[in-house]
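Student: Provided below are the primary sequence and the corresponding predicted coordinates.
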Amino acid sequence: MNDSPWATEPVPAGPAYDALVGPHTRPMPIVPDAAGRDFDDREARDRGAAADGGHPIRAEMPPQEPMPSPPPPPSQAPQDASPPPPKKRAGRDLRAAIGVGVGLGAVIFASLFIVKAVFVGVIVVAVVVGLWELTSRLQEKKGIKAPLVPLAVGGAAMVIAGYVRGAEGAWVAMALTSLAVLVWRMTEPPEDYLKDVTAGIFAAFYVPFLATFVAMLLTADDGPQRVVTFLVLTVVSDTGAYAVGWRFGKTKLAPRISPGKTREGLFGAVAFAMAAGALCMEFLIDGGAWWQGLLLGLAVAVSATLGDLGESMIKRDLGIKDMGTLLPGHGGIMDRLDSLLPTAPVVWLLLAAFVGTG
């Protein structure tokens, strides 16, 4: 009988045993010594090493091979290193934007074709709110205190003077408003006086003076039709730029100013505005011709784009996205006037050249 403490009952090796305890855990083979005793070769190596004056050395177990990992389930299969490009989305709430646009359009058209003076009042309200937004953002972000009171009063007077007295009245009101800004700011300490009055005069020109040309369009016999032409061409230009740029836009137009605008979008604005201009001049403007509408549409697309880029430049300098939050889906009033303001004098001038001011 084997008296070694490592001895175990002999178990036949084979696939069944390997399946039960694994191929690396079989008992060491039994070997007889010179005297006929049986002990396992592990104990023999230990005793032999001790007899030679060394230390018993245990035989190390052979390294086990790593178990193969099961294949991942289909739901955890490796994903493609390059995910599909995200779908393009509009940057604003389109439902709110469309609803607000329809509401504003209804107010504008109702005032245009019922009583002209009511539409002049609509222009005045838009100018005053736009001045408030602009001066508020200038003070919040840059510490520039452009005086709002003389700007609001002078801006309203500018629009009314343009409607009653034409371009001459608008220039006189602009000069008086600038003077009022200079005097009003004198009531405060002189620090930053030049910066504040410069911003005030800029605001007076940028918002109410340019808006005065819309009131001047209204003074003609077909004034409502001229204002409608001006509004339709500007809106169509913006819509064409958005639609074509969103669908086909790849080449940036002015990435440092407005990364969302593309050259393809500009081509869309030009095409849409020229088509709309030809229709408006042919069917809305007395004495107009379709070829004049093509030129008018081209000019509107360029001026509207430049106006949009101009306000984007201002907003980037101020570090803001929108001038206000008054109009859901649009931002503030100034965010809707950005294309309209510089386009108004362009339309007034071209219509005066094509068909006169009467």
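Tutor: Everything's here; your move. Numbering: from 1, shown residues only.
Student: mind listing what's buried along the longest helix seen in the chain?
Tutor: For the chain, the helix with the greatest residue count under DSSP state H is helix 148-185. By neighbour count on 16 or more other CB atoms under 10 Å, the buried set for helix 148-185 is 148, 150-152, 154-163, 167, 169-171, 173-174, 176-178, 180-181, 184-185. Yep, even glycine has a C-beta here, placed from its N, CA and C like the rest.
Student: quick one: buried residues of the next helix or strand after that helix?
Tutor: In the C-terminal direction, the helix or strand that comes right after helix 148-185 (DSSP states H and E) is helix 193-204. Under the neighbour-count criterion of 16+ other CB under 10 Å, helix 193-204 has Asp196, Val197, Ala199, Gly200, Ile201, Ala203, Ala204 buried.
Student: wait, the fifth one touches Leu179, no?
Tutor: No - here Ile201 does not reach Leu179: they are 9.8 Å apart, not a contact under CB atoms under 8 Å.
Student: quick revisit: which of the buried residues of helix 193-204 sits closest to Ala304?
Tutor: Ala203 (20.7 Å; CB to CB).
Student: doesn't Pro150 make contact with that closest one?
Tutor: No - applying CB under 8 Å, one finds Ala203 not in contact with Pro150, separated by 10.4 Å.
Student: just how off-centre is the longest strand that the chain contains within its chain?
Tutor: Looking across the chain with DSSP state E, the single longest strand is strand 258-262. Computed by CA atoms, centre = their mean, to the nearest Å, the chain-centroid distance of strand 258-262 equals 9 Å.
Student: can you list the strands that it pairs with?
Tutor: Next to strand 258-262 in the sheet, as set by DSSP bridges, lie strand 252-254 (antiparallel).
Student: average pLDDT across the strand it pairs with?
Tutor: Per-residue pLDDT over strand 252-254 has a mean of 93.
Student: residue ranges for the helices of the stretch 201-350 of the chain, please.
Tutor: Secondary structure of the stretch 201-350 of the chain (DSSP state H, counting those that start in this stretch): helices located at 210-218, 223-248, 263-283, 290-318, 333-355.
Student: any idea of the mean pLDDT in the fourth one?
Tutor: Here helix 290-318 scores 96 as its mean pLDDT.
Student: give me the buried positions along that helix.
Tutor: Buried residues in helix 290-318, counted by 16+ other CB under 10 Å: 292-305, 307-312, 314-315, 318.
Student: what sits against the closest residue to Val153 other than its chain neighbours?
Tutor: Distances taken as CB to CB, 6 or more residues apart in numbering place Ala180 nearest to Val153, at 7.5 Å, with adjacent residues excluded. By CB atoms under 8 Å, 6 or more residues apart in numbering, the contact set of Ala180 is Pro150, Val153, Gly154.
Student: isn't the first one right next to Val181, touching?
Tutor: Yes - contact between Pro150 and Val181 holds when scored by CB under 8 Å: they sit 5.2 Å apart.
Student: hey, what's in contact with both of the two?
Tutor: Gly200.
Student: count the residues that sit near Ala344.
Tutor: 26 (other CB atoms under 10 Å).
Student: and it, how far is that from Phe248?
Tutor: 30 Å (CB to CB, to the nearest Å).
Student: ok, Ala273 - contacts?
Tutor: Leu233, Val236, Ser237, Gly240, Gly297, Leu298, Val300, Ala301, Ala304.
Student: so how far is Ser312 from it?
Tutor: Ala273 is 19 Å from Ser312, where distance means CB to CB.
Student: same deal with Asp322?
Tutor: With CB to CB as the criterion, Asp322 and Ser312 are 11 Å apart.
Student: if we ignore the residues flanking it in sequence, what's nearest Pro342?
Tutor: Spatial nearest neighbour of Pro342, chain neighbours left out: Gly307 (3.8 Å); criterion: CB to CB, 6+ apart.
Student: which residues does the one you found contact?
Tutor: Residues in contact with Gly307, defined by CB under 8 Å, 6+ apart, are Asp338, Ser339, Leu340, Leu341, Pro342, Thr343.
Student: 6 Å instead, please
Tutor: For Gly307, the contact set (CB atoms under 6 Å, 6 or more residues apart in numbering) comprises Asp338, Ser339, Pro342.
Student: nearest to Ala106, of the residues you listed?
Tutor: Minimum distance to Ala106 across the contacts of Gly307 is 19.9 Å, recorded for Ser339 (CB to CB).
Student: mind pulling up the pLDDT for the closest one?
Tutor: 94.
Student: and if you look at Asp93?
Tutor: Taking Asp93 on its own, its pLDDT is 61.
Student: show me where pLDDT drops low in this protein?
Tutor: Within the chain, the segments meeting pLDDT under 70 span 1-94, 96-97, 329-330.
Student: how about a cut-off of 90?
Tutor: For the chain, the stretches with pLDDT under 90 are 1-117, 259-260, 324-332, 336, 357-358.
Student: list the contacts for Ala344?
Tutor: By CB under 6 Å, 6+ apart, the contact set of Ala344 is Leu210, Phe213, Val214.
Student: what's the distance between the first one and Trp132?
Tutor: Look at Leu210 and Trp132: by CB to CB, they are 17 Å apart.
Student: neighbours around Ala117, how many?
Tutor: Based on other CB under 10 Å, the number of other residues close to Ala117 is 11.
Student: list the helices and strands the one helix or strand it maps to packs on?
Tutor: Element membership for Ala117 (DSSP H and E) is helix 116-142. Other helices and strands packing on helix 116-142, by 3 or more CB pairs under 6 Å, 6 or more residues apart in numbering; DSSP states H and E, are helix 94-114, helix 148-185, helix 210-218, helix 333-355.
Student: many thanks, I have nothing further to ask.
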